[in-house]
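Visitor: Below is the structure, and that's it, no one-letter string:
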Ligand SMILES: CSC[C@H]1O[C@H](OP(=O)(O)O)[C@H](O)[C@@H]1O
């Protein structure tokens with residue numbers, strides 16, 4: 001079950017809005033369909049969104065050449081930039097969306113002296129490279145994260161929030177990649193998965209992934225996390241990320257901030273697993289991270305029926321920001337950033353990037 005795959009000029013996206021009941025793929029043959037798939041969370045999770053956006057840009061490039069064969073390279077690049085700006089609007093928080101588009105656009109710009117057909121071929125190769133890189137990034141991050149957690153020298157009980165698994169990436173996942181690595185070493189006792197209201201990525205996606213891999217998982221409602229930490233011997237919390245500011249403040253699924261406070265209260269180490277592409281060093285702190293607000297129906301629809309409540313009386317931020325002071329370490333594909341603050345992150349990037 002691939003999260004997404006590129007097939008002869010179309011992007012096949014596993015539609016996560018209907019998982020786990022149905023496994024159906026959306027066929028995207030135009031960049032607008034990729035934008036829509038990202039906006040409705042048919043494809044979701046920062047790294048997966050980045051990979052999808054890269055292929056969306058390839059679809060745009062192919063369409064430009066198909067519809068206007070006599071385009072000059074300059075005209076192509078101008079139109080290509082414009083598509084990038086529109087595709088970026090799909091979702092504001094996950095920086096990987098912007099990172100992937102910027103990587104393709106800047107690469108295309110370096111080829112401005114080439115025939116347009118060469119530029120399109122090169123961006124297709126680059127999009128495939130971004131997907132292939134994510135596979136290896138997940139593996140490396142998972143190894144570093146597992147090594148760090150094995151220092152606790154006992155089988156571990158982990159709590160996680162939302163879905164930072166294979167369904168959020170092109171590989172084995174970020175937080176769930178670390179969990180899979182621990183399980184492979186026989187050092188995972190159990191995972192407690194928050195259901196993660198309102199879209200239930202934990203109940204629908206994380207539980208499905210872990211059961212498929214025969215990893216012991218217990219589903220809990222979000223409001224059980226405190227009691228589980230107090231009574232079930234949770235050894236660590238591991239979550240994913242959508243954007244990490246230069247000082248280590250981390251935007252992730254709504255509810256993550258609360259889980260970090262609970263972990264701090266219970267003396268449980270709180271870890272983030274994220275690729276370097278999720279860091280946004282242009283932002284000094286989490287205060288600057290744009291937080292997506294989503295449709296009120298996601299919150300006010302209960303048992304299939306919207307509660308008679310005006311949308312203005314519903315708050316639906318898709319993310320919150322965990323202060324870096326709550327984070328023990330960030331697991332990346334280049335190693336572990338312990339005490340992730342401005343100085344440690346700056347030093348890490350200088351020596352690893
Ligand atoms: C591996 S990053 C996954 C990250 O993305 C999720 O958000 P969404 O489901 O809205 O795309 C959540 O924040 C996860 O931690």
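Guide: Now that the structure is in, tell me what you want to look at. All figures in this text were calculated on a predicted structure; none of them were measured in a lab. Numbers count the residues shown, from 1 in each chain.
Visitor: For the residue of the stretch 151-300 of the chain found nearest the ligand, report the pLDDT, please.
Guide: Of the residues in the stretch 151-300 of the chain, the one nearest the ligand is residue 240, at a distance of 3.0 Å by C-beta to the nearest ligand atom. Where C-beta positions appear, they are placed from N, C-alpha and C, glycine not excepted. The model reports residue 240 with a pLDDT of 98.
Visitor: That one: neighbour count?
Guide: Residues contacting residue 240 under the criterion other C-beta atoms under 10 Å number 29.
Visitor: What are the boundaries of the helices in this structure?
Guide: Assigned by DSSP state H, the helices in the chain fall at 31-39, 46-67, 73-87, 95-110, 116-150, 175-184, 201, 207-212, 225-231, 256-265, 297-300, 342-352.
Visitor: Can you add mean neighbour count, mean pLDDT and distance to residue 190 and give those helices back as JSON lines?
Guide: Below are these laid out as JSON lines (neighbours: other C-beta atoms under 10 Å; pLDDT from 0 to 100; distance: least, C-beta to C-beta, whole Å):
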{"stretch": "helix 31-39", "mean neighbour count": "21", "mean pLDDT": "98", "distance to residue 190": "33"}
{"stretch": "helix 46-67", "mean neighbour count": "24", "mean pLDDT": "98", "distance to residue 190": "26"}
{"stretch": "helix 73-87", "mean neighbour count": "17", "mean pLDDT": "98", "distance to residue 190": "40"}
{"stretch": "helix 95-110", "mean neighbour count": "20", "mean pLDDT": "97", "distance to residue 190": "30"}
{"stretch": "helix 116-150", "mean neighbour count": "19", "mean pLDDT": "98", "distance to residue 190": "14"}
{"stretch": "helix 175-184", "mean neighbour count": "26", "mean pLDDT": "98", "distance to residue 190": "10"}
{"stretch": "helix 201", "mean neighbour count": "27", "mean pLDDT": "98", "distance to residue 190": "19"}
{"stretch": "helix 207-212", "mean neighbour count": "18", "mean pLDDT": "98", "distance to residue 190": "10"}
{"stretch": "helix 225-231", "mean neighbour count": "16", "mean pLDDT": "98", "distance to residue 190": "10"}
{"stretch": "helix 256-265", "mean neighbour count": "20", "mean pLDDT": "99", "distance to residue 190": "17"}
{"stretch": "helix 297-300", "mean neighbour count": "16", "mean pLDDT": "96", "distance to residue 190": "29"}
{"stretch": "helix 342-352", "mean neighbour count": "14", "mean pLDDT": "97", "distance to residue 190": "31"}
